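Trainee: any chance you could fold what I've pasted below:
(chains A and B)
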Amino acid sequence: MSLARIKLVTFEDICLTVPVTCAYCEDPMCEKVCPVGAMTHDPETGMAKVIEELCLGCKECVNACPIGAIDIHPKKKVAMRCDLCGGDPQCVANCERGALKYETINMAAKDKRRKRILNLKLDSESVVKS
Amino acid sequence: MINLAGDILHVDLTNKKSWREKVGKDRIVKYLGGRGINAELLWRYVKPGTDPLGPDNVLIIGTGLLTGTPSPSSGRNTVTCLGPATGLYLKTSGGGHWGGELKYAGYGNVIVHGKSEKPVYIFIDDDNVEIRDASNVWGLDVRTADKVIKEELGDEEIQTALIGPAGENLVKFASVMFSIYNAAGRGGAGAVMGSKNLKAIAVRGSGSVSVANPNVFYEEVKKAKKSLKSDSGYEGMGLYGTASSLFGINELNVFPSYNFQRSSVDDITSLTGQHLTNAGYLKRRVACYSCIINCHRYATVDSGVFSGTYTGGPEYETMSAFGSGCGIMDVEAVMKANELADIYGMDTISAGGVIQWAMESYEKGVINEKDLDGIDLRWGNAQAVVKMLKKIAFREGFGDVLAEGVKGASEIVGKDSYKWAVQAKGLEQSRVDTRNAKSYALAFAVNPRGADHLHTETFAEFGMGQESRDVIKKITGDEKYAQPHLTEKRAEIVRWHEDCYAVTDCLGFCSFTTTALFGITPEIMARLFSAAVGVEMTEEEIMFAGRRIMTLEKCFNVRMGATRKDDTLPWRLMNEPTPDRPPTGNGLNPKEELDMMLDQYYDLHGWDRETSWPKREILEMLGLHDVVQEFEETGKLGK
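Mentor: Residues are numbered from 1 along each chain as shown, chains lettered A, B, ... in the order given. The predicted model follows:
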């Protein structure tokens, strides 16, 4: 069991919580800035990996990450980046309301298109009715 | 032991020091955690003669044994102290995310001793505990104070338990607010915090929680989630919140209106959770720590006189306290009152209770517009309620009288006003009309903290849904007893719920999962406990532990001087029949009927009928040997 890499940004007064996690950039800044090559990914699966024995705890990756998805482990003092739990992300598995999904970006885009078109269709129907 | 329970953190505000106390496995098996450990600590530290608002009272916040694990809907916190409203035992519970953070910092319970000279707040950051100057947050409302503390400490992920102006001004029903909108409201624990000059307990934790048998535990968690989701009320509770039940509750004539002059309203629609959702007030469903139900509401008013209102809630109780109870059916007004109660840090049930008592006193001419500083406090006047709430929180004018609660206020105002002061032991009754619900009636009368539902929640007696009837059958042997006007078997129903509710609180479960929904059964709780702690515990054994805790709480009241005469109901409910009643019910809680149920209840517990004091053999059976020793010396063992 590992510490969660997913972060929640909370605006408590308006009860709004938004999850933030590693975006899996195609050309990750965190890997580029790492001075020792500790921030890396598996070339075959593409899954991210922090080689903790190499990590200096310099925090360059934290600064470089454009969305703030990297933290420093509170006890080990090494970088923490989402490794997708080896292909079965536990945040998704435990999300009871289905707010989190693990799917290819193209599938996600298809879902989004479909949802939007359905809404448009309803709108045009109501226009026709009126 | 494995870092599941967490340590007890002691903070002494008088001497500005803090220390840790380890909690061994034996103690967890005996007192389960959370509320149980709190009860044990209160027994250890608070002796007769203590002033609830003096430095010798303690403020204890315990989070559930399972809080911090993925166990569903188990992030509740219990606040325990000598209660300022009653002078007796008080435990009050709140949700939010504070408990999980406390566990990650390595603690399960925090106990605050003494009193600071100047306003302070406590910051717990893993092993570092600081008592910090709070002069820049003292006086701020809850919403603003939370922001300022997080800015000052430079970490928005900090969780706070804090009080508003009502707590600072020692309002007898001031709440302790968790994560801004989750109130531990009942009984005035916020005033105890205020009396210690303690504005907040801010927590940040970076650790984790482990269990004894992870694989078994996570399998049990999956089963628990499945069971909870299969409950027939699960979907509705999430979609429409706690006020989803109002149609049914109103139909059963247990939804009080006009300060309990009536037990229903003619058309409940505008106050229901369904209306709140469908009319667009609800903006988000909100979850407490690890909750899969998400019954908490975030709602806003976007137009009209109360435009700009935004708040967590309103919940079932608030819909009656600020709504029907005050003759108000406009949900926007209820939301405004809810917002003010939350940011001033006051219990909505009691705040609504004192206002409707004042409305009736005004109608009957016991007080007049001059007493009320020109406020026209007639039934249904929402603007008057809004004005009065502020006066109460800041103890201005007549607000200073109402801030004492209905018992204190009726003693000040005098005349016949005690007759419509709907309280017992000093606590304003929560929003169930016990005249048409007899398990509730007995439960409210014997509740150590006063007339309310949160020591038992005998919702099952209404027989709404098969799960309710199954629970009643399990307790009594026959589902025909799932009928709220019956007086038979009420003692059995109440005692089972006491045990179950104690286990629920100790483990950190929300009572909605065990006694409003029924998906989390005592058996499931026993299995989760066993896997988490590594000690096998059966359903019977864990319920027995629940009874030990509940009995210890009762004994605390005995120590403070309570007897059978304290186990009573509000005057109105015992003497004025309600006009709203079903043909099969008497619509009243007459003394003879209550006495009969009390006799049965004391017999069932093994308590003395005359005094209500527990007998030696029952205390010894429960392993409460310290209590036996003390009561032997003070002559308080039941005969």
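Trainee: what residues are up against residue 29?
Mentor: Reading this off chain A. A:61, A:64-66 (C-beta atoms under 8 Å, 6 or more residues apart in numbering or on different chains). All C-beta spots, glycine's among them, are computed from the backbone N, C-alpha and C.
Trainee: please go with chain B instead
Mentor: B:533, B:535, B:537, B:545.
Trainee: quick one, phi/psi of the first one?
Mentor: With angles defined as degrees, to the nearest 10, B:Val533 shows backbone torsions of phi -90, psi -30.
Trainee: how near is it to B:Thr67?
Mentor: In this view, B:Val533 and B:Thr67 are 14 Å apart by C-beta to C-beta, to the nearest Å.
Trainee: of those two, who's got more company?
Mentor: Taking neighbours as other C-beta atoms under 10 Å in any protein chain shown, B:Val533 and B:Thr67 compare with B:Thr67 leading, 32 against 24.
Trainee: is it true that the more buried one touches B:Gly205?
Mentor: No - checked against C-beta atoms under 8 Å, the pair B:Thr67 and B:Gly205 is beyond contact range at 11.5 Å.
Trainee: going by neighbour count, list what's buried in stretch A:87-95.
Mentor: A:89-92, A:95 (16 or more other C-beta atoms under 10 Å in any protein chain shown).
Trainee: not counting its own residues, what contacts it?
Mentor: Contacts for stretch A:87-95 (C-beta under 8 Å, 6+ apart): A:4, A:6, A:19, A:21, A:45, A:47, A:82, A:100-102, B:70.
Trainee: put the buried members of those residues into a PyMOL selection.
Mentor: Command for PyMOL that selects the buried part of those, burial taken from 16+ other C-beta under 10 Å:
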select buried, (chain A and resi 6+21+82) or (chain B and resi 70)
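Trainee: what's the closest of the contacts of stretch A:87-95 to B:Gln274?
Mentor: Set against B:Gln274, the nearest of the contacts of stretch A:87-95 by C-beta to C-beta is A:Leu100 (28.3 Å).
Trainee: quick check, that closest one in contact with A:Val20.
Mentor: No - using C-beta under 8 Å, A:Leu100 is not in contact with A:Val20, being 11.5 Å away.
Trainee: overlap of the contact sets of those two?
Mentor: In contact with both A:Leu100 and A:Val20: A:Ile6, using C-beta under 8 Å, 6+ apart.
Trainee: show me the contacts for the most centrally placed residue in chain B.
Mentor: Residue closest to the mean C-alpha point of chain B, counted by C-alpha atoms, centre = their mean, is B:Thr92 at 4.0 Å. When contacts are counted by C-beta under 8 Å, 6+ apart, B:Thr92 touches B:78-80, B:175-176, B:184-187, B:189, B:449, B:454.
Trainee: among the residues you listed, which lie within helices?
Mentor: Judged by DSSP state H, helices contain the following of the contacts of B:Thr92: B:Ala189.
Trainee: okay, the contacts of B:Thr92 in JSON lines with distance to chain A, pLDDT and neighbour count next?
Mentor: Listed next are these as JSON lines, based on distance: C-beta to the nearest C-beta, whole Å; pLDDT from 0 to 100; neighbours: other C-beta atoms under 10 Å in any protein chain shown:
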{"residue": "B:Thr78", "distance to chain A": "22", "pLDDT": "98", "neighbour count": "27"}
{"residue": "B:Val79", "distance to chain A": "19", "pLDDT": "98", "neighbour count": "28"}
{"residue": "B:Thr80", "distance to chain A": "25", "pLDDT": "98", "neighbour count": "32"}
{"residue": "B:Ser175", "distance to chain A": "16", "pLDDT": "98", "neighbour count": "35"}
{"residue": "B:Val176", "distance to chain A": "16", "pLDDT": "98", "neighbour count": "32"}
{"residue": "B:Ala184", "distance to chain A": "17", "pLDDT": "97", "neighbour count": "26"}
{"residue": "B:Gly185", "distance to chain A": "18", "pLDDT": "96", "neighbour count": "29"}
{"residue": "B:Arg186", "distance to chain A": "22", "pLDDT": "97", "neighbour count": "29"}
{"residue": "B:Gly187", "distance to chain A": "25", "pLDDT": "97", "neighbour count": "36"}
{"residue": "B:Ala189", "distance to chain A": "21", "pLDDT": "98", "neighbour count": "34"}
{"residue": "B:Arg449", "distance to chain A": "28", "pLDDT": "97", "neighbour count": "23"}
{"residue": "B:Leu454", "distance to chain A": "23", "pLDDT": "94", "neighbour count": "20"}
